[in-house]
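In: heads up, no residue letters with this:
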């Protein structure tokens with residue numbers, strides 16, 4: 001993962017190397033003369049190769065350019081985010097933005113030129129592997145994670161959501177991830193990004209009658225605690241998840257939306273005898289139901305009991321997924337934001353994190369906070385490092401206390417921020433965690449959607465910048481490969497894990513052709529079986 005540079009990194013380096021120069025007239029930053037010259041020279045070279053119809057030289061040049069954070073431009077675009085948050089406009093002056101945009105436009109022109117020749121497919125596939133994919137990572141945080149819905153709303157309206165192929169949700173974040181897995185963009189805006197999502201989904205008017213709610217009243221939770229030692233009855237929560245997603249499986253959801261949606265669960269220590277976590281998705285667990293995955297990922301010890309995952313059997317019935325008798329609990333305990341596993345499975349190199357955990361947010365830089373170089377945030381960073389150091393020492397010595405029999409030391413040792421980290425402005429009841437265990441009202445949802453959307457606005461230009469070349473390369477590979485249909489997702493995942501993506505075009509093509517032939521034969525057989533049989537009259 002790339003380092004997110006601070007302003008001091010961008011302006012206090014060696015005078016010959018620093019990428020920015022402050023312009024006192026416009027009260028903004030311009031590119032240094034060295035960087036400006038390099039961008040202009042590279043753009044001119046690309047366009048020169050195009051005008052001379054020299055794809056070989058252009059391919060050679062692009063092979064050195066097509067990567068994340070080329071010349072530090074990804075870090076520079078962070079100034080747009082900070083500027084929008086602080087003064088309502090980009091921190092880069094118009095001249096700098098124009099130079100960067102012109103460079104990216106030249107790169108796009110170069111990609112579009114070489115994608116006309118199939119011999120350059122390998123160059124583009126290598127670039128695709130180098131650049132990697134982007135992923136939207138939705139943190140846990142109980143009901144407070146409804147802020148994620150506002151984030152998704154802004155990404156859709158800005159035309160960004162479609163270009164993010166991978167989505168991961170953990171604990172409460174799995175709720176929004178499940179909606180992303182099962183609904184297209186229009187359905188998300190019409191049914192999910194609405195203030196009645198938790199009280200009257202789709203306007204059916206039957207949630208109260210059926211007892212559908214994420215959390216019962218405070219009195220009911222107190223009664224449950226006295227009676228069962230848990231605040232929420234697990235069967236009641238599973239009933240709610242089934243109301244929203246029925247028996248849809250990860251594979252069925254992927255076939256509809258083509259989104260690689262993941263959810264993290266942790267094995268119950270009592271059941272597994274040790275630490276174990278599982279990333280659920282259409283590759284690793286294609287037949288697991290999304291409803292049971294959400295219930296398991298949200299099952300925080302003390303709040304809910306551990307959950308058995310459910311799967312759709314070949315005959316269409318629903319049964320338990322037996323993995324050594326393991327039951328599953330909240331995924332945030334081991335990996336609130338599962339960077340490593342998601343990166344391995346889907347070649348993700350750009351993580352867009354929406355962070356709502358009330359115990360994490362105070363320690364994260366935000367678009368509405370003081371400058372990252374201020375003494376205020378340096379003190380918070382020091383405090384966070386001290387806590388992690390002490391927890392690590394206690395955990396290594398076996399002295400860190402368990403929580404309902406589970407090792408929670410990783411809660412303090414995890415990384416919670418990404419290449420882009422969206423943190424909403426929270427209310428007091430959110431920050432202290434009270435709202436995390438209350439069913440969102442219409443008024444709550446209005447706040448969650450509004451603040452989640454506003455927190456995302458400042459990041460829109462930066463995220464668009466990060467996605468621009470990635471999307472262009474992916475489209476070029478798809479166009480040049482001539483694939484009318486995506487490869488089988490399980491085969492695709494296995495090849496990704498083995499790191500064979502760049503060299504297996506012929507294998508993928510053969511797999512697609514074989515699958516197409518099987519479908520044709522099945523259709524022909526079915527057609528023959530449906531034709532009326534004529535009886536042979538005896539001679």
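Out: That came through, no problem. Given the structure is predicted, the values throughout are model-derived calculations rather than measurements. Residues are numbered from 1 along each chain as shown.
In: So which bits of the helix or strand where residue 107 lies are buried?
Out: Here residue 107 sits within helix 94-114, counting by DSSP states H and E. Of all the residues in helix 94-114, those buried under the rule 16 or more other C-beta atoms under 10 Å are 96-97, 99-100, 103-104, 106-108, 110-111, 113-114. Using the backbone N, CA and C atoms, a C-beta is placed for each residue, glycine as well.
In: now, among the residues you listed, which is nearest to residue 304?
Out: Nearest to residue 304 among those: residue 104, at 47.2 Å, using C-beta to C-beta.
In: now the helices for the stretch 151-300 of the chain?
Out: Per DSSP state H, counting those that start in this stretch, the stretch 151-300 of the chain carries helices over the ranges 173-182, 185-187, 207-210, 218-228, 234-245, 250-257, 269-272, 290-297.
In: tell me what the fifth one is packed against?
Out: With contacts defined as 3 or more C-beta pairs under 8 Å, 6 or more residues apart in numbering; DSSP states H and E, helix 234-245 has these neighbours: helix 173-182, helix 207-210, helix 290-297.
In: Out of the ones you listed, which is closest to residue 245?
Out: helix 290-297 (4.6 Å).
In: Next one: the residue nearest to the spatial centre of the chain from residue 250, what distance?
Out: Centroid check for the chain by C-alpha atoms, centre = their mean gives residue 136 as the closest residue, at 2.0 Å. As for residue 136, its distance to residue 250 is 17 Å (criterion: C-beta to C-beta, to the nearest Å).
In: sorry, back to before: between whatever helix or strand comes next after the helix holding residue 107 and helix 94-114, how big is the angle?
Out: Per DSSP H and E, helix 94-114 leads on to helix 121-131 as the next helix or strand towards the C-terminus. Counting by axes from the mean of the first three to the mean of the last three C-alpha atoms, to 10 degrees, helix 121-131 lies at 140 degrees to helix 94-114.
In: what does helix 121-131 contact?
Out: 59, 62-63, 66-68, 111, 114-115, 347, 349, 469-470, 473-474, 476-477, 480-481, 501-503, 505 (C-beta atoms under 8 Å, 6 or more residues apart in numbering).
In: and with 7 Å instead?
Out: With contacts defined as C-beta atoms under 7 Å, 6 or more residues apart in numbering, helix 121-131 is touched by 59, 62-63, 66-68, 114-115, 347, 349, 469-470, 473-474, 476-477, 480-481, 501-502, 505.
In: Local confidence estimate at the residue lying closest to residue 158 once chain neighbours are set aside?
Out: If you skip the residues right next to it in sequence, residue 158 has residue 460 as its closest partner in space, 4.8 Å away by C-beta to C-beta, 6 or more residues apart in numbering. For residue 460, the pLDDT comes out at 91.
In: likewise residue 46?
Out: On the pLDDT scale, residue 46 is placed at 96.
In: ok now do it, which residues does it touch?
Out: Counting by C-beta under 7 Å, 6+ apart, residue 46 makes contact with 58, 61, 106, 107, 109, 110.
In: so which of those residues comes closest to residue 424?
Out: For the contacts of residue 46, the minimum distance to residue 424 (C-beta to C-beta) is 33.4 Å, reached by residue 107.
In: Confirm for me that the closest one is in contact with residue 64.
Out: No: using C-beta atoms under 7 Å, residue 107 is not in contact with residue 64; the gap is 11.4 Å.
In: Tell me how this structure divides into domains.
Out: The chain breaks down into these domains under automatic domain parsing: 7-131, 133-460, 489-526.
In: Kindly state the beta-bridge partners for the residue nearest to the centre of the chain.
Out: On the basis of DSSP bridges, residue 136 is bridged to residue 167, residue 352.
In: so what's residue 154 closest to, chain neighbours aside?
Out: residue 456 (3.9 Å).
In: so residue 163 touches residue 472, yeah?
Out: No: in this structure residue 163 lies outside contact range of residue 472 using C-beta under 7 Å: 10.0 Å.
In: These two: who's more crowded?
Out: residue 472 (22 against 18; other C-beta atoms under 10 Å).
In: ok, and the more buried one, which helix or strand is that part of?
Out: Using DSSP H and E, residue 472 sits in helix 460-481.
In: same for that helix, what does it pack against?
Out: Judged by 3 or more C-beta pairs under 7 Å, 6 or more residues apart in numbering; DSSP states H and E, helix 460-481 is in contact with helix 78-87, helix 94-114, helix 121-131, strand 133-138.
In: Figure out how far the last one is from the centre of its chain.
Out: Using C-alpha atoms, centre = their mean, to the nearest Å, the mean C-alpha position of strand 133-138 is found 2 Å from that of the whole chain.
In: For that strand, the averaged confidence score.
Out: For strand 133-138, mean pLDDT is 96.
In: Any chance you could list what contacts it?
Out: With C-beta under 7 Å, 6+ apart as the criterion, strand 133-138 contacts 145, 148, 164-169, 173, 176-177, 337, 342, 346-348, 350-354, 418, 466-467, 470.
In: Repeat that for the longest one.
Out: With contacts defined as C-beta under 7 Å, 6+ apart, helix 94-114 is touched by 29-31, 36, 39, 42-43, 46-47, 50, 55, 58-59, 62, 65, 73, 90, 120, 123, 468-469, 472-473, 476.
In: when you compare where it runs with where helix 460-481 runs, what's the angle?
Out: Angle, helix 94-114 to helix 460-481, by the same axes, to 10 degrees: 10 degrees.
In: what distance separates helix 94-114 from the middle of the whole chain?
Out: That offset, for helix 94-114, works out to 27 Å (C-alpha atoms, centre = their mean).
In: same thing with stretch 54-74?
Out: Centroid separation for stretch 54-74 versus its chain: 26 Å, with C-alpha atoms, centre = their mean.
In: Start and end of it, how far apart?
Out: 29 Å (C-alpha to C-alpha, to the nearest Å).
In: cool, and stretch 343-356?
Out: Using C-alpha to C-alpha, one end of stretch 343-356 lies 22 Å from the other.
In: again with stretch 451-463
Out: End-to-end distance (C-alpha to C-alpha), stretch 451-463: 18 Å.
In: in it, what counts as buried?
Out: Going by neighbour count (16+ other C-beta under 10 Å), the buried part of stretch 451-463 is 451-463.
In: just stretch 189-196 next, same as before
Out: Neighbour-count burial for stretch 189-196 [16+ other C-beta under 10 Å]: 192, 193, 194, 195, 196.
In: Tell me which residues touch the closest residue to the last one other than its chain neighbours, please.
Out: On the basis of C-beta to C-beta, 6+ apart, the spatially nearest residue to residue 196 that is not a chain neighbour turns out to be residue 442, at 6.2 Å. By C-beta under 7 Å, 6+ apart, the contact set of residue 442 is 195, 196, 199.
In: go again using 10 Å as the cut-off
Out: 194, 195, 196, 197, 198, 199, 200 (C-beta atoms under 10 Å, 6 or more residues apart in numbering).
In: export these to TSV and tack on pLDDT and distance to residue 238?
Out: Listed next are the contacts of residue 442 as TSV, based on pLDDT from 0 to 100; distance: C-beta to C-beta, whole Å:
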residue	pLDDT	distance to residue 238
194	95	24
195	94	25
196	94	22
197	95	19
198	94	16
199	93	19
200	92	21
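In: any idea how far the closest residue in space to residue 229 that isn't next to it in sequence is from residue 266?
Out: Closest residue to residue 229 apart from its sequence neighbours, by C-beta to C-beta, 6+ apart: residue 302 at 8.0 Å. Taking C-beta to C-beta as the measure, residue 302 falls 14 Å from residue 266.
In: State the number of residues packed around residue 64.
Out: Other residues lying near residue 64 total 9 when counted by other C-beta under 10 Å.
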